[in-house]
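S.K.: below is the sequence, then the predicted model.
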Amino acid sequence: MQIEQFEDQGLAHFSYAILSECAREVVLIDPARNPQPYYDYAQAHGARIVAVIETHPHADFVSSHLEIAQATGAVIRVSRLLGAEYAHEAFDEGDAFTVGKLTFRALNTPGHSPDSLSIVLSREGKDVAVFTGDTLFIGDVGRPDLRETTGNLTAGRAELAGQLYHSLRDKLLPLADDLLVYPAHGAGSLCGKALRKASRSTMGAERTSNPMLRPLSEAAFVQELLADQPFVPKYFGYAVDLNKAGAPAYAPSVQQVRRLTPSTALEPGALVIDTRPEAEFKRGHLAGAINLQQGGKFETWLGTIVGPEEPFYLLAADETTRESLLQKMAKIGYELRLKGALVGTPGPAEATLPVLDVDAFRRHPAQYTIVDIRSATEHRDEPIFPGSLNIPLPTLRERAGEIPRGQPVVVHCAGGYRSAAGSSIVAAALPGTKVLDLGEAVQSFRAAATAPTHS
């Protein structure tokens, strides 16, 4: 037996290939959008993929389960509660299947979603691992507020939090201490709020160190779980629906995106996501464009700022970057929403963003309207500028009209990446207002705000 863990660092997503060495057969759990790594793994071991298990219809990424099943003949197994629109076999509590000496059995563990599963793996009758999906993470548990309006089954966050309390205590905590725990996500995922960086654990370690598994009443658990959950990107409901239906094949879907030249006329009114470095963008860009730079969380911020119903274009600095970003956006299914992708700036630059004189701002901050686009929790727990207006980036496009227009506006985040996007959004929303990006200079202000004072 071999358990191979695949990691997508951008989405903090873990997927798994479990190899039965005697049968030369592979079972996949929660595969990512690009199926090629799983094909390569099976080929390298002279094995074939015989089953794909989805622990639930994922909100943060699009899975390749349907494509893999169509290409290999593998059986897709999901909970009957999911309401899958593709050929599958129901896999719920009491169900199990065997591959060589390995047995996979399902536990219904609702809470993160009504249709969540955990999968217990045993070898020759001994339990060795549990794949917990988004139910149990390393150091945390899944968030319960993503299925209030989306999916085959919906439920309120408080109801799901209560279900999660019982799933953890009635289904997972009774498992043996030495059982390996393999979650679907690690630190940085938006499917929880305090995930640790480890990629696996044991039930014993989680029992003693995971704060959400400590003795708590159901009411206390629900209250603690619901507090300070991170924002919900706009694309999450879209991804759930796409996973429920089954996404189109990855490579052909990326290839069908229109590659445009700078001379191509763009559709009037369509949004442009300009991914060039912020300095280039500020020197000249199309009016109304949003500066979302290439980065480790590009796909998450794209799906947070741009809704799945919005037509948009992608603009990249060069062809290599364009292809890389197309692959990233396919992880959330946004290649299907794209009007086209181009390199360079089409036509003459229509707008610019001035560069902030940081020294002048430092001397006279009251002469500016300061907009903090960090989360409400960051704004509360790490104040930088007293009296600043907090409008988190995920809601900035909708709320930019709340910003006063009487003086120059300075936009800041925690490190500079978000503020590049935020300043471009504010500039487009407030024509005629001078909009400035504090950028990386915010770090010196953060240091001053947190420095100890001496009497």
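M.R.: Perfect, thanks for sending it.
S.K.: remind me what the helix or strand where Val240 lies packs against, helices and strands.
M.R.: Using DSSP states H and E, Val240 sits within helix 236-245. Where contact means 3 or more C-beta pairs under 8 Å, 6 or more residues apart in numbering; DSSP states H and E, helix 236-245 is packed against helix 298-305. (Each C-beta comes from the backbone N, C-alpha and C, glycine too.)
S.K.: note down every partner strand of the very next helix or strand once past the helix it packs on and its orientation.
M.R.: The helix or strand immediately downstream of helix 298-305 is strand 312-316, counting by DSSP H and E. Each strand paired with strand 312-316, and its direction, by DSSP bridges: strand 271-274 (parallel), strand 338-343 (parallel).
S.K.: to Leu28, which of these lies closest?
M.R.: strand 338-343 (27.5 Å; C-beta to C-beta).
S.K.: tell me the mean pLDDT for that closest one?
M.R.: What strand 338-343 shows for mean pLDDT is 95.
S.K.: list the buried residues in that strand.
M.R.: Leu338, Lys339, Gly340, Ala341, Leu342, Val343 (16 or more other C-beta atoms under 10 Å).
S.K.: how about the contacts made by the last one?
M.R.: Contacts of Val343 were listed using C-beta atoms under 8 Å, 6 or more residues apart in numbering, and they are Pro262, Leu315, Ala316, Ala317, Asp318, Glu319, Arg322.
S.K.: picking that back up, which among the buried residues of strand 338-343 gets closest to Ile18?
M.R.: For the buried residues of strand 338-343, the nearest to Ile18 is Leu338 (34.7 Å; C-beta to C-beta).
S.K.: my guess is the closest one contacts Tyr313. True?
M.R.: Yes: applying C-beta atoms under 8 Å, one finds Leu338 in contact with Tyr313, separated by 7.2 Å.
S.K.: okay, now the residue lying closest to Val232 once chain neighbours are set aside: neighbour count?
M.R.: Leaving aside its sequence neighbours, Val232 sits nearest to Leu146 (C-beta to C-beta, 6 or more residues apart in numbering; 6.5 Å). Counted by other C-beta atoms under 10 Å, the residues lying close to Leu146 total 26.
S.K.: could you list which residues are in contact with Val141?
M.R.: Val141 neighbours (C-beta under 8 Å, 6+ apart): Gly111, His112, Thr135, Leu164, Leu168, Gly192, Asn210, Met212, Leu213, Leu225.
S.K.: just give the nearest non-adjacent residue to Leu190, would you?
M.R.: Nearest one to Leu190, counting by C-beta to C-beta, 6+ apart, is Pro230 at 5.2 Å.
S.K.: quick one: the one you found from Gln163, how far?
M.R.: 20 Å (C-beta to C-beta, to the nearest Å).
S.K.: who has more neighbours, these two?
M.R.: The residue with more neighbours, out of Pro230 and Gln163, is Gln163; 20 against 15, by other C-beta under 10 Å.
S.K.: what residues does the helix or strand where the more buried one lies touch?
M.R.: Per DSSP H and E: Gln163 is located in helix 157-166. Residues outside helix 157-166 that contact it (C-beta under 8 Å, 6+ apart) are 109-114, 135, 141-142, 144-145, 147-148, 155, 216, 218, 221-222, 225-226.
S.K.: and with 6 Å instead?
M.R.: Pro110, Gly111, Pro144, Asp145, Glu218, Phe221, Val222, Leu225, Leu226 (C-beta atoms under 6 Å, 6 or more residues apart in numbering).
S.K.: check stretch 437-444 too.
M.R.: Val358, Val410, Val411, His412, Gly416, Ser419, Ser423.
S.K.: what average pLDDT does that stretch get?
M.R.: Rounded mean pLDDT across stretch 437-444 is 96.
S.K.: okay, that stretch in CSV with CA atoms only?
M.R.: Taking Å, rounded to 0.1, in the frame of the first residue of the first chain, the C-alpha atoms of stretch 437-444 are listed here in CSV:
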residue,chain,number,x,y,z
ASP,A,437,-1.7,53.2,-3.2
LEU,A,438,0.4,52.9,0.0
GLY,A,439,1.7,49.6,-1.3
GLU,A,440,4.6,48.0,0.5
ALA,A,441,5.4,51.2,2.4
VAL,A,442,2.5,50.1,4.8
GLN,A,443,5.0,47.8,6.5
SER,A,444,6.9,50.7,8.1
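S.K.: now do that stretch: distance to the chain's middle.
M.R.: Remark: stretch 437-444 is offset 25 Å from the chain centroid, using C-alpha atoms, centre = their mean, to the nearest Å.
S.K.: for it, buried residues please.
M.R.: Asp437, Leu438, Gly439, Ala441, Val442.
S.K.: let's see which of those residues end up in helices.
M.R.: Val442 (DSSP state H).
S.K.: adding distance to Thr202 as columns, could you present the buried residues of stretch 437-444 in JSON lines?
M.R.: Output for these, formatted as JSON lines (distance: C-beta to C-beta, whole Å):
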{"residue": "Asp437", "distance to Thr202": "46"}
{"residue": "Leu438", "distance to Thr202": "44"}
{"residue": "Gly439", "distance to Thr202": "43"}
{"residue": "Ala441", "distance to Thr202": "45"}
{"residue": "Val442", "distance to Thr202": "40"}
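S.K.: ok, the buried residues of stretch 437-444 vs Leu389, which is closest?
M.R.: Once C-beta to C-beta is applied, the member of the buried residues of stretch 437-444 that ends up nearest Leu389 is Leu438, at 13.6 Å.
S.K.: how many neighbouring residues does Val395 have?
M.R.: No Val there; residue 395 is Thr. Neighbours of Thr395 using other C-beta under 10 Å come to 15.
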